[in-house]
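Q: Turn this into a model:
(3 chains)
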Amino acid sequence: MSWRLLKDKLIRQSFAAILILSLVVIAVILIGLGLKSIPLLRAEDLGTILTESVWSPLNGSFGFFPFIMGTVWVTFISLIIAVPLCILASTYLVEYADDALRKMVLPLVNVLAAIPPVLYGVWGVLFVVPFLSEYIAPIVGAETTGYTVFAGGIVLAVMIFPIMVSIMVEVLQTIPYELKAASLSLGATKWETIVKVILVKSRPGLVAAVVLGISRAFGETIAVLMVCGNIPQVPKSFFDAGYPLPALIANNFGEMMSIPLYDSALMFAALLLFTLIFGFNLISRIILNRLEGKA
Amino acid sequence: MSNVNKRLFKEKIAKVAMQVSGITITGSLFFIIGTILYKGIPYLSWDIISQVPKGGFYMGKEGGILNAILGSLYLATSSTILATLLGVPISVFLNVYVKSGSFLERSCKLLFDVLFGIPSIVYGAIAFSIMVWVGIRASLLGGIITITLLTIPIVVRTIDELLRTIPIDLKHVTFSLGATRWETAKICLKYIKPGVFTAILLAFGRAIGDVAGVLLTTGFSDNLPKYIDEPAATLPLAIFFQLSSPIPEVQGRAYASALVLTFIILVIVICTHLLASKQRKHKI
Amino acid sequence: MNASRPHIQIKDLNVTIEGKRILKNINLSIPNNSITSIIGPSGCGKTTLLKTLNRLVDDTKGLEISGSVLVNGEDLYADGAEVTHIRKKMGLLSQKPFPLPMSIFDNVAYGPRIHGEKNKRVLAQLVETQLRNVGLWEEVKDRLDASATRLSIGQQQRLCLARGLAVKPEIILGDESTSALDPVSTQTIENLLIELKQDYTIVLVTHILRQARRVSDYIIFVYDGEIIEFGKTDEILLNPKQEITQQYVKGFIS
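A: So this is what the prediction gives:
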């Protein structure tokens, strides 16, 4: 066999080996997480730990409910803020803006994506927290330090702008011109065409963008940790402090080793987070792939 | 005609709402960077970036964050190199060697796509457990391994998107000239060369800014990073610790450190942008 | 409807797109209640000409337009002319059917609803009338709520015609509207158009000379952005006066 062919075969095999290696590593990670969570799951019943509100590792009670709710609250708030803004802005960029504006704005939005989370956290502490406690809370009549799920939601909203806008813009650009022409030639205004035809047609893609935004929001650790208060309680209002899952893991790994079952609990939290995000991402990618195939 | 006027009015309102949204989104970028600039510049000094923390740095005494700057640079560079060495072959293998549309190709690509979204805290938690189990202490090495794992999907996915843009005819033509897959791969890589650098920069940017992955695995140190098996400081963590201090002077230095990190990131972004436009020039 | 005044009158129309002159000095009166076909080689400007009639050309980048298009005496391109009510007067049938992403019923009812009709009974009546007009009623009456995308392509094109008719236009524009259809659906659409010309003025763009012959009363031959000849179908196709027209209809240029 000539050297050329032999080289090709060697390279093929080494590349394949690298792929297999990475797949093995991923499997090990999953199995590892699972194994480490087992002690906790053996001690407590799965349903209980997911719904219990008491988190007191010293006493052996591991109620994950406050953390699940903390994650839910900050994510929910970030979506209320980000989804309408992103849909409106993306629609404007695709349907109304001229090329020059688009070429200028899209890269700027992508820069947002490159900013490290810790800087978002700094911004949150500098601006969002005081803003909430000094301006917004008095208007509503609430008293708060500002370190709230609301602050977490605002910071998260800005963090998920880029991923949602970039996918939404892509999706909106695939709508064929003739469909808009059909609506316009019936005498509809541009906005009516957008609402009744374009947004309807792009709904699956828009949903996929939101789902990806959700999964990003779920996993964000440091920025939220810096502004959300870190109190293990179930938040009852926007101005309550919260304690999302990632923050739980990040804050407590130091004590992990000294308290029994604590490390298992934190690994379980990581497994929970992994599963949730993996699931959301999977669904979203499948939707997007199917849309791409149709286009 | 009032029906028409009503509808046109609705459109005008919608247009305003859309423009406000757009301005809010793009404006937030300037707002964030502006806040950091505004708060950080007063505290920025040559000392800060050229010195290591002397005793009591976090209590307001002398020193700088050179340890963290270097630590982050070493960490990010090493893991980016590793991630590239591992990620590029994986991506090339999936796009050039494996049959297009096969189950293996589709499921692997989907897998890496999804891994792309897994947060660094998960990687950090796992790495920490493994390190505890094996007996390694928190160190630069631990951080490098964690961040490499984190950035491999980024490299794989970015290169994958780039390889997808190669017109399929290019591959076919090369094959029909009798080239082996590796030779075809080389041509594909040449075609997307600026894009490869973009991928590397993207990975680097992610690596240098990450906190959750290094928090559990790299530890912290006031010394310059010297050995790979010792704890090392990282810039994001330095910012975080300084910010948590009750002393305003130290908090101010946190903003200056944030400014340093912002500067590094902006440099990366500009380079990425320049490379991306170079990529477009050679498109078929 | 004033029988003596032409529905559509084009005066000194010039269209330039990104610096290239697409239509040059078009002057034309389109006869009422008849089918006029615009023919010509690819790229000659016939589709642009059609699009100027309902101002769909507005969306084109780099557009410069001068002259006037009068519909019932009203200039579409006058300053401040309101576009949506202009477009309402024209139904557009494009090359590929584009059903809106909604049910069959909602597709036909889309136009009237937009323009303010909310009464459910009136809408239902309208939908049924138009679907009958295009011969779709019997085929879809049991599944008006089904998505319009489930219809066959021939049915979709008929649906689009019904949708266009539902806004009570006076003019129907067709842009190669049967080129995506099979021969049977094509024939159905052609027969429909022939029936409809009693009540509407119809302008079609087509590159199939035989179709032009089958359905049109008048033919306009466009070449390189100019109107070369305009007249009754048989005259143009059998006895063209201009050299270029002769070459085109004989198939020497395309």
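Q: Identify the residues contacting residue C:33.
A: Residues near residue C:33 by C-beta atoms under 8 Å, 6 or more residues apart in numbering or on different chains: C:197, C:198, C:199, C:200, C:201. (Glycine included, C-beta is placed from N, CA and C.)
Q: Looks to me like the third one is in a helix.
A: No: secondary structure assignment (DSSP: H, G, I helix; E, B strand; the rest coil) places residue C:199 in coil, not in a helix.
Q: Burial check on it, number of neighbours?
A: Other residues near residue C:199 come to 13 when the count uses other C-beta atoms under 10 Å in any protein chain shown.
Q: Spatially, and excluding backbone neighbours, which residue is closest to residue A:276.
A: Leaving aside its sequence neighbours, residue A:276 sits nearest to residue A:218 (C-beta to C-beta, 6 or more residues apart in numbering or on different chains; 5.9 Å).
Q: isn't the one you found right up against residue A:74?
A: No: judged on C-beta atoms under 8 Å, residue A:218 makes no contact with residue A:74 at a distance of 9.2 Å.
Q: out of these two, which sits in the more crowded spot?
A: Taking other C-beta under 10 Å, residue A:218 and residue A:74 do not tie; residue A:74 has more neighbours (31 against 22).
Q: Report the secondary structure state of that one.
A: Criterion first, three-state DSSP; result for residue A:74: helix.
Q: quick one: it and residue A:244 touch, right?
A: Yes: in this structure, residue A:74 is within contact of residue A:244 by C-beta under 8 Å, at 5.6 Å.
Q: Common neighbours of these two, please.
A: A:152, A:224, A:228.
Q: and the residues you listed as CSV, adding distance to chain B and pLDDT?
A: Listed next are these as CSV, based on distance: C-beta to the nearest C-beta, whole Å; pLDDT from 0 to 100:
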residue, distance to chain B, pLDDT
A:152, 15, 92
A:224, 11, 91
A:228, 14, 89
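Q: show me where pLDDT drops low in chain C?
A: Counting by pLDDT under 70, the ranges of chain C that qualify are C:1-6, C:252-254.
Q: Quick check: residues of it near chain B?
A: By the rule C-beta under 8 Å from any C-beta of the partner chain, the part of chain C lying against chain B is C:82, C:84, C:85, C:114, C:115, C:116.
Q: where does the second one land in three-state SS?
A: With three-state DSSP as the basis, the three-state label of residue C:84 is helix.
Q: Nearest the middle, which residue of the chain would you pick?
A: Picked chain A for this. For chain A, residue A:216 is the residue whose C-alpha lies nearest the centre (C-alpha atoms, centre = their mean; 1.9 Å).
Q: my bad, the chain I had in mind was chain C
A: The residue lying closest to the centre of chain C (C-alpha atoms, centre = their mean) is residue C:173, at 0.9 Å.
Q: Bridge partners for that residue, pull those for me.
A: Beta-bridge pairing of residue C:173 under DSSP bridges involves residue C:92, residue C:203.
Q: dump the residue contacts of it.
A: Residues near residue C:173 by C-beta under 8 Å, 6+ apart: A:185, C:50, C:53, C:54, C:90, C:91, C:92, C:93, C:202, C:203, C:204.
Q: I'd like to know how many residues surround the nearest residue to residue B:149 once chain neighbours are set aside.
A: In this structure, residue B:149 finds its nearest non-sequential neighbour in residue B:123, 5.4 Å apart by C-beta to C-beta, 6+ apart. Using other C-beta under 10 Å, residue B:123 has 26 neighbouring residues.
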